[in-house]
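*Asks:* Structure for the following, please:
(one chain, ligands or ions: 1)
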Amino acid sequence: MFPPGPPGLPLLGHFKTMMRPDLLKSFMEIHAKFGAVFSVNLGPRKRAVVIGSVDALKEAADKIVGRSPNMNWMNVDYRNGNGKDARGITYSTGKEWEEQRQFLHMRLSLKELVLGDTSLEQVIMNEAFELRSDLEKREGEDVEIGGEFTLTAVNVVWRLLAGKRFELDDKALNELVSNVRKKVSRFNYKGDYFLYPWLRHVAPGPLGFNVVKVAETGMKSLVEKAVSKHLSDRARTTRKSDIVTKDLIDAFINKTTDASETKMESSLQGELGMQSMNAVCLDMLSATIEKMSLTLAWTFLAMAKYTEAQKSVREELDAVLVGRRAVTLNDKVRLHRLRATILEVQRFACINAITMERRCPEDEDVKVGSFVIPRGTDVYFNYYAAQRDAFERPDDFDPSRFLVKGKFRSDSRADLIYGLGRRDCPGKAIAADFLFLAIGTLLQHFEVSPAADSLSMEAAEFGLLREPRPFKVSYQRR
Ligand code: HEM
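*Replies:* Sure thing, here's the model as predicted:
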């Protein structure tokens with residue numbers, strides 16, 4: 001049986017969904033009426049399917065891993081695509097996607113090698129220390145939380161990618177973060193952007209395409225500069241054996257010129273390899289800016305709003321880190337409340353409420369529960385609906401739901417935070433280590449309080465990710 005859903009008008013699709021900017025609200029309403037797996041017309045294309053229960057998502061996750069060609073305009077404009085294909089990971093599909101993901105995965109699991117003489121833990125700890133010093137200068141000020149702290153996360157990923165860090169007050173980088181944040185608020189997975197992308201040539205300003213352009217070209221040019229610098233440094237090195245692999249860009253370049261593989265047709269080789277490398281760097285940079293900045297913003301909102309929860313984390317930090325020694329990854333086994341609190345923030349925030357649409361295989365229908373989703377159908381994963389149904393009292397902020405007798409208890413329902421199946425988040429280990437060390441360090445040294453009387457945990461209108469509404473906090477050094 002094909003999943004049920006509301007009727008759609010010819011060309012326009014489901015009128016209410018298409019007219020309303022907030023796609024998540026519409027999906028939640030249809031979910032309430034038609035159930036966890038439904039179909040909906042989004043404009044002049046085949047009915048899309050939306051999946052919103054943990055069991056159905058787990059069943060579908062490995063079967064539905066393609067990408068829709070609706071997004072190929074993004075590839076043409078920013079990722080060296082030719083209109084029919086895509087470079088990198090986030091937008092690509094098929095063999096190229098598998099090769100790029102596998103290479104990245106392999107290099108990230110060898111991250112100590114990619115990082116040369118330091119470890120990722122050390123890089124994150126140094127960045128957390130820099131952030132602490134930066135915040136000390138702003139003690140007592142009311143700070144509007146937007147892209148604050150994002151450069152700290154960018155520095156960790158940029159160190160992995162390009163071997164460098166930025167100063168936290170780097171003007172150009174802070175502007176880039178703010179432009180990417182604007183894109184996240186304006187962008188969405190329907191209408192203008194994915195259904196009528198030609199409109200970007202007609203009215204780019206009013207329809208928001210310029211916001212996307214500014215963010216994407218800013219990130220693209222940062223990546224291109226780093227790659228050219230690597231290439232010129234290597235060109236100056238006379239003996240090949242003297243070339244040191246100090247970061248991921250080096251590892252990618254080595255692969256593009258690996259003589260043992262030049263006969264194999266691979267997206268990691270030659271010119272295509274160079275193009276894909278640029279796109280993978282862009283994928284990693286944009287994921288970091290977009291997702292880390294929002295996770296940190298939700299964390300500080302929750303900590304300022306739920307001061308008792310904040311106090312319990314701090315008491316634990318003080319008890320475990322005697323003499324205010326620095327948090328390390330080994331402390332994961334002792335800092336149960338910190339881990340439960342971070343996971344609860346991520347569950348509550350559910351920033352990836354709806355993922356970028358996936359596409360069913362072109363040669364096979366997909367069975368999910370009692371439903372059959374025809375080959376070539378676009379599918380949205382509604383992680384938000386699934387999480388809300390899976391947890392009791394979903395609107396309560398309650399870290400103790402991840403604690404049993406005071407000990408942290410992981411929960412497979414929370415796996416949705418980083419996505420499911422073969423298309424899950426390849427940066428999840430980096431993100432998790434970063435959040436643990438950075439949030440631990442900040443709460444150890446600062447008390448966060450609301451700058452205004454009331455803080456709202458309600459999300460802003462949904463664009464690309466689930467964002468908090470603008471808010472201010474202030475910090476007091478302890
Ligand atoms: C708190 C931070 C983060 C969260 C919550 C998060 C979550 C996610 C989710 C839910 C997906 C989509 C999975 C799906 O379609 O089911 C995803 C994809 C992705 N993430 Fe992350 N992510 C985070 C940080 C990062 C970081 C730091 C990186 C890179 C270093 C990264 C790289 C990517 C990439 C490249 C994809 C696309 C994967 C593909 O299409 O195969 N993410 N992430």
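*Asks:* where do the strands sit along the protein?
*Replies:* Ranges of strands in the chain, per DSSP state E, are 37-40, 48-51, 66-67, 142-144, 358-359, 366-368, 371-373, 378-381, 403-404, 407-408, 446-450, 472-477.
*Asks:* worst average pLDDT in those?
*Replies:* For the strands of the chain, mean pLDDT drops lowest on strand 142-144, to a mean of 83.
*Asks:* counting contacts, what elements does that strand pack onto?
*Replies:* strand 472-477 (3 or more C-beta pairs under 8 Å, 6 or more residues apart in numbering; DSSP states H and E). (Each C-beta comes from the backbone N, C-alpha and C, glycine too.)
*Asks:* List the pairing partners of the strand it packs on within its sheet, with orientation.
*Replies:* strand 142-144 (antiparallel), strand 446-450 (antiparallel) (DSSP bridges).
*Asks:* Arg388: what's it in contact with?
*Replies:* Pro394 (C-beta atoms under 8 Å, 6 or more residues apart in numbering).
*Asks:* Now do the contacts for Leu403.
*Replies:* His336, Arg337, Ala340, Arg409.
*Asks:* Distance-wise, check it relative to Val223.
*Replies:* Remark: distance between Leu403 and Val223 (C-beta to C-beta, to the nearest Å) = 41 Å.
*Asks:* Same check on Lys213?
*Replies:* For Lys213, the distance to Val223 equals 16 Å [C-beta to C-beta].
*Asks:* now do Cys425
*Replies:* As for Cys425, its distance to Val223 is 20 Å (criterion: C-beta to C-beta).
*Asks:* Compare neighbour counts for these two and give me the winner.
*Replies:* Summary of the neighbour comparison: Cys425 and Val223, criterion other C-beta atoms under 10 Å, with Val223 having more neighbours (23 against 16).
*Asks:* So that one sits against Val280, correct?
*Replies:* No. Counting by C-beta atoms under 8 Å, Val223 does not reach Val280; the two are 9.3 Å apart.
*Asks:* which residues of the stretch 101-250 of the chain fall in helices?
*Replies:* Taking DSSP state H, counting those that start in this stretch, the helices of the stretch 101-250 of the chain run over residues 111-114, 120-137, 150-162, 171-186, 191-194, 199-202, 209-236, 248-256.
*Asks:* how about those helices in TSV, adding mean pLDDT?
*Replies:* Below are the helices of the stretch 101-250 of the chain laid out as TSV (pLDDT from 0 to 100):
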stretch	mean pLDDT
helix 111-114	71
helix 120-137	90
helix 150-162	92
helix 171-186	89
helix 191-194	60
helix 199-202	82
helix 209-236	92
helix 248-256	91
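*Asks:* Please identify the most buried of these.
*Replies:* Highest mean neighbour count among the helices of the stretch 101-250 of the chain (mean count of other C-beta atoms under 10 Å): helix 150-162, with a mean of 24.
*Asks:* what's the neighbour count on the closest residue to Lys213 other than its chain neighbours?
*Replies:* The shortest distance from Lys213 to any non-neighbouring residue, by C-beta to C-beta, 6 or more residues apart in numbering, is to Pro204 (7.0 Å). Pro204 has 14 neighbouring residues, counting by other C-beta under 10 Å.
*Asks:* quick one: Pro204 from Ala353, how far?
*Replies:* On the measure of C-beta to C-beta, Pro204 and Ala353 end up 27 Å apart.
*Asks:* Including distance to Arg79, could the helices of the stretch 101-250 of the chain go into TSV?
*Replies:* Supplementary listing: those in TSV, determined by distance: least, C-beta to C-beta, whole Å:
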stretch	distance to Arg79
helix 111-114	23
helix 120-137	26
helix 150-162	16
helix 171-186	15
helix 191-194	15
helix 199-202	15
helix 209-236	8
helix 248-256	15
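*Asks:* Looking at the ones you listed, which is nearest to the ligand?
*Replies:* For these, proximity to the ligand was assessed by C-beta to the nearest ligand atom; helix 150-162 is nearest, at 4.8 Å.
*Asks:* Can you verify my assumption that Phe408 contacts Ala340?
*Replies:* Yes. Counting by C-beta under 8 Å, Phe408 touches Ala340, with 5.3 Å between them.
*Asks:* Just want to know which of the two has more residues nearby.
*Replies:* Under the criterion of other C-beta under 10 Å, the comparison of Phe408 against Ala340 puts Ala340 first, with 26 against 21.
*Asks:* got the residues of the stretch 51-200 of the chain near the ligand?
*Replies:* Ile89, Thr90, Arg101, Val157 (C-beta under 6 Å from any ligand atom).
*Asks:* mind listing what the third one touches?
*Replies:* Residues in contact with Arg101 (C-beta under 8 Å, 6+ apart) are Ile89, Pro426.
*Asks:* just the last one next, same as before
*Replies:* Val157 sits next to Met284, Leu285, Thr288, Gly427, Ile430 when contact means C-beta under 8 Å, 6+ apart.
*Asks:* How about Phe2?
*Replies:* Ser39, Arg47, Phe371, Val372, Ile373, Pro374.
*Asks:* mind listing what the residue nearest to the first one when sequence neighbours are not counted touches?
*Replies:* Read that as Ser39. Excluding the flanking residues, the one nearest Ser39 by C-beta to C-beta, 6+ apart is Gly5, at 3.9 Å. Gly5 makes contacts with His14, Ile30, Phe34, Phe38, Ser39, Val40, Asn41, Arg47, as judged by C-beta under 8 Å, 6+ apart.
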